[in-house]
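**Student:** got a predicted model here, sequence first, then my questions.
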Amino acid sequence: MTLVLIALSILGINIAYVSIFTMRLILVIKGRRGAASLFAMIEVFIYLAGLQLVLQNLSSPIHMAAYCIGFGLGVYLGSRIEERLALGYSVVQVIADTVHTSLPDKLRQHGYGVTVWTGEGRHGQRLVMQVLVKRSNEKKLLKRIEEEAPKAFVISHEPRYFRGGFWAKMLE
């Protein structure tokens, strides 16, 4: 094989390996052990093929550079894939600047489960809302919140565990 062809092979193998590694890691974090195990088998096969190719060509800085560049691109690509898949759920907490808002009702009309309570802010009472949403629908929810309550303070995070309530009934 030519120098360029080997370098391109190393680059491609490493992009595939690290992308799969990134996805496997995310699946483990999200508790999807079966899928993560399948990804691990594919990942290690690709890794061993790439490692063999690199070890046979260690004397070339171009091959080592291809390995490093492929690793970086693999991390980037893996994270972009996960972002597109949007696995799991998000909890979006919304703190409206007033207790007199129709935002909870409008969100409920669009199918979101909303829990509401009153909180005390620096300048008086605030309406606090908590919404559990599939990550694939989170951007849509955030857009609705922005349209209805542009001054609201919004925090989003991923829950590790939930049971009961609005979502549990829908998932049964």
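**Tutor:** Nice, I can see it.
**Student:** tell me where the model's unsure across the chain.
**Tutor:** 1, 165-172 (pLDDT under 70).
**Student:** summarise which helices and strands the top helix by length along the chain is packed against.
**Tutor:** If you go by DSSP state H, the chain has its longest helix at helix 3-29. The contact analysis (3 or more CB pairs under 8 Å, 6 or more residues apart in numbering; DSSP states H and E) places helix 3-29 against helix 33-56, helix 61-85. In this view, the C-beta of every residue, glycine as well, is placed from N, C-alpha and C.
**Student:** ok, Leu40 - contacts?
**Tutor:** Heads up, residue 40 is Ala, not Leu. Arg24 (CB atoms under 8 Å, 6 or more residues apart in numbering).
**Student:** try Phe21
**Tutor:** Counted by CB under 8 Å, 6+ apart, Phe21 has contacts 43, 47, 74, 78.
**Student:** hang on, the first one packs against Ser19?
**Tutor:** No - taking contact to mean CB atoms under 8 Å, the distance of 9.2 Å between Glu43 and Ser19 leaves them out of contact.
**Student:** so which bits of the longest strand along the chain are buried?
**Tutor:** Counting residues, the longest strand in the chain under DSSP state E turns out to be strand 124-134. Buried residues in strand 124-134, defined by neighbour count with 16 or more other CB atoms under 10 Å: 126-129, 131-133.
**Student:** next one: stretch 41-58
**Tutor:** Neighbour-count burial for stretch 41-58, with 16+ other CB under 10 Å as criterion, is recorded at 43, 46-47, 50-51, 53-54, 57.
**Student:** check stretch 85-102 too.
**Tutor:** Per 16+ other CB under 10 Å, stretch 85-102 contains these buried residues: 87-90, 92, 94-97, 101.
**Student:** and what of stretch 67-75?
**Tutor:** 67, 70-71, 73-74.
**Student:** now, which of these sits nearest Ile6?
**Tutor:** Nearest to Ile6 among the buried residues of stretch 67-75, counting by CB to CB, is Tyr67 at 10.8 Å.
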